[in-house]
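Asks: the sequence and its predicted three-dimensional model are supplied below.
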Number of protein chains: 2
Amino acid sequence: MVSKPTSKETARKPNMREAILAAAEELFATNGFNAVSVRDIAQAAGANPGSVTYHFKTKDGLLLEIYRRHCGPMNLRRSELLAAARRVRDLQDRLEAIVRAYVVPAFTSGSDLAGGGARFTRLRAVMSAEGNEVARKIIAQTFDDTSHAFIDSIHDSLPHIPRNEIVWRSHFLLGALYYSLVTPDRVSRLSRGEADGSDAAMAIEQLVQATVAAFQAPALDQAAPARRRPVASKT
Amino acid sequence: MVSKPTSKETARKPNMREAILAAAEELFATNGFNAVSVRDIAQAAGANPGSVTYHFKTKDGLLLEIYRRHCGPMNLRRSELLAAARRVRDLQDRLEAIVRAYVVPAFTSGSDLAGGGARFTRLRAVMSAEGNEVARKIIAQTFDDTSHAFIDSIHDSLPHIPRNEIVWRSHFLLGALYYSLVTPDRVSRLSRGEADGSDAAMAIEQLVQATVAAFQAPALDQAAPARRRPVASKT
DNA sequence: ATGTGATTTGTACTATCGTACAAAAGATCA
DNA sequence: TGATCTTTTGTACGATAGTACAAATCACAT
């Protein structure tokens, strides 16, 4: 009962549990939850199928543990970066810093987990698309607070934009962020090989630049209504 | 139960084949490909599992037929709207019209198929996230031409922006579009019920407004480099 | 009414799924 | 070393997956 260095320091020895988590993360993020079997995961981790059951009880439990592993550190990092961003004086700079505080942790490692940031964000994107229930629950109760904090901070920088519209634009930001991680090859393809969709640093810069401009767009109410002219629809 | 007059084609009578397609579309778009069984689809369509095999041979064949059904009409509609948009004189109006020509067919019906536009786009988003091979192939060879046409048209309206950056921003647009259809409830939640994420007309307007501004943002090269100051990172 | 081709049904087969569980192997310390 | 946990292995079980196929049913021209 004693003498087990309470799982905090076990990280040094080659750990089967960690290998399973990493393999599951990668496979889920690439192929979705249902397309990956417990046996696939075990094989990728060099483990026995029964070992997965032993450590995580069920497949859902494994997914849950992946989320638990990442949510805390990523949220913490975001909060720190957001706090720093809010201290920026210049309004334009502050807005950019806030957006960057939201984007950067999603692309880079959220903790000491090697390169797990982008992979975990990609996983979240896929689970979100599949309407995974386990993920839905834990995400709503983990990230909604942070999202509200970001929205409010952006609203402080852009008080003339209604909060609802900032919500929409934040939503677009998250969608763009997700999609950039899910299908980076499409960027390479459409640019005819001239851009690399897998270049995280470039993705961040492009995303921040585009998003800051999107946030700064005039609100819908305030957009000159005379200019609005819908394109002809056939039906 | 007699006498549905066989007007020329099979299109008029209540068709089991159509019911299966519609049910599959909805289920795939909501839960992903692997989470939905052929039996689920048959039950939702009020059909027999064997009927699915009869009409579409395999589950992949069913998915393929869904794509075939929608890709043509949606592409056609987009081309028409794009052609009209390109004729707009005012540059600002033209850019907005182009973006609208890209967005509107994704949200609304792409043909006579009832309300299928948004549903099919949601399906594409989910298949893209899951890395579905069948979808990947047909999408790349069906939509890439159209995407290039849009990118080139936008580039014509914004010649001072490098084409690569327009590719990035178009990519963000598609990501935002997808995500709006995949999790509209998140908009409702984060706006504390004040906005309805399922309001397609509102989503279109918000998306167009934000995206036009994003496209008009200065290029990365041209963004005043003195202003760029990364937020402090801890690691 | 009947024959014919198209469709629907019912069922069965094999593969693989998630999970359970007992036995083997390692690890830890008196 | 032997006793006691912890971890890994091997295997098995019931459920469900995709698909095949023969029989039943339907639509309709003759």
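Replies: Alright, I've got the coordinates. Keep in mind the model is a prediction, meaning the values are calculated, not measured. Residues are numbered from 1 along each chain as shown, chains lettered A, B, ... in the order given.
Asks: tell me who's in contact with A:Gly117.
Replies: For A:Gly117, the set of contacting residues under the criterion of Cβ atoms under 8 Å, 6 or more residues apart in numbering or on different chains consists of A:Met74, A:Pro105, A:Ala106, A:Phe107, A:Thr108, A:Ser109, A:Gly110. Using the backbone N, CA and C atoms, a C-beta is placed for each residue, glycine as well.
Asks: quick one: is the helix or strand where it lies near DNA strand C?
Replies: Of the helices and strands defined by DSSP states H and E, A:Gly117 is found in helix A:116-130. No: no part of helix A:116-130 sits close enough to DNA strand C to count as contact by Cβ under 7 Å from any atom of the strand; the gap is at least 13.5 Å.
Asks: in chain A, which helix is the longest?
Replies: helix A:59-86 (DSSP state H).
Asks: what ranges of chain A fall below the confidence cut-off?
Replies: Applying pLDDT under 70 to chain A flags the ranges A:1-14, A:110-115, A:222-235.
Asks: tell me the residues of it that contact DNA strand D?
Replies: In this structure, chain A approaches DNA strand D at residues A:1, A:4, A:15-17, A:47-51, A:53-55, judged by Cβ under 7 Å from any atom of the strand.
Asks: biggest separation within those residues, which pair?
Replies: With distances taken as Cβ to Cβ, the most widely separated pair in those is A:Met1 and A:Pro49, at 28.4 Å.
Asks: who has more neighbours out of these two?
Replies: Neighbours around A:Met1 and A:Pro49, counted as other Cβ atoms under 10 Å in any protein chain shown, are more numerous at A:Pro49. The numbers are 14 against 3.
Asks: give me the buried positions along stretch A:63-78.
Replies: By neighbour count, with 16 or more other Cβ atoms under 10 Å in any protein chain shown as the criterion, the buried positions of stretch A:63-78 are A:63-67, A:69-71, A:73-75, A:77-78.
Asks: right, I mislabeled it, should have said stretch A:133-140
Replies: By 16+ other Cβ under 10 Å, the buried positions in stretch A:133-140 come out as A:Val134, A:Ala135, A:Arg136, A:Ile138, A:Ile139.
Asks: return the distance of A:Thr121 relative to B:Arg119.
Replies: Counting by Cβ to Cβ, to the nearest Å, the gap between A:Thr121 and B:Arg119 amounts to 26 Å.
Asks: ok, the nearest residue in space to A:Asn34 that is not next to it in sequence - how many residues close by?
Replies: Nearest residue to A:Asn34 in three dimensions, chain neighbours excluded: B:Asn34, at 3.8 Å (Cβ to Cβ, 6 or more residues apart in numbering or on different chains). Neighbour count for B:Asn34, taken as other Cβ under 10 Å: 17.
Asks: A:Ser37 is in contact with B:Asn34, correct?
Replies: No: distance between B:Asn34 and A:Ser37: 10.2 Å, which falls outside the contact criterion (Cβ atoms under 8 Å).
Asks: what's near enough to touch the residue nearest the centre of chain A?
Replies: Among the residues of chain A, the one closest to the centroid is A:Thr121, at 3.4 Å (Cα atoms, centre = their mean). By Cβ under 8 Å, 6+ apart, the residues touching A:Thr121 are A:Ala106, A:Phe107, A:Leu177, A:Tyr178, A:Leu181.
Asks: for these, work out which two are farthest apart.
Replies: Spanning the widest gap among the contacts of A:Thr121 are A:Phe107 and A:Tyr178, at 11.4 Å by Cβ to Cβ.
Asks: who has more neighbours, these two?
Replies: More crowded of A:Phe107 and A:Tyr178, by other Cβ under 10 Å: A:Tyr178, with 26 against 18.
Asks: relative to A:Phe172, how far out is that one?
Replies: Using Cβ to Cβ, one obtains 11 Å as the distance from A:Tyr178 to A:Phe172.
Asks: what's the answer for A:Val38, then?
Replies: Counting by Cβ to Cβ, the gap from A:Val38 to A:Phe172 is 36 Å.
Asks: for A:Asp185, what is the enclosing helix or strand?
Replies: helix A:184-190.
Asks: and that helix, what does it pack onto?
Replies: Secondary-structure packing of helix A:184-190 (3 or more Cβ pairs under 8 Å, 6 or more residues apart in numbering or on different chains; DSSP states H and E): helix B:133-157, helix B:163-182.
Asks: what helices or strands is the first one leaning on?
Replies: With contacts defined as 3+ Cβ pairs under 8 Å, 6+ apart, the packing partners of helix B:133-157 are helix A:184-190, helix B:59-86, helix B:91-107, helix B:116-130, helix B:163-182.
Asks: please redo it, this time with the cut-off set to 10 Å
Replies: Where contact means 3 or more Cβ pairs under 10 Å, 6 or more residues apart in numbering or on different chains; DSSP states H and E, helix B:133-157 is packed against helix A:184-190, helix B:59-86, helix B:91-107, helix B:116-130, helix B:163-182, helix B:200-216.
Asks: distance between the shortest one and the chain's centre?
Replies: What it means is helix A:184-190. When distances are taken as Cα atoms, centre = their mean, to the nearest Å, helix A:184-190 is centred 20 Å away from the chain's centroid.
Asks: mind listing what's buried in it?
Replies: Counting neighbours by 16+ other Cβ under 10 Å, the buried set in helix A:184-190 is A:Pro184, A:Arg186, A:Val187, A:Ser188, A:Arg189, A:Leu190.
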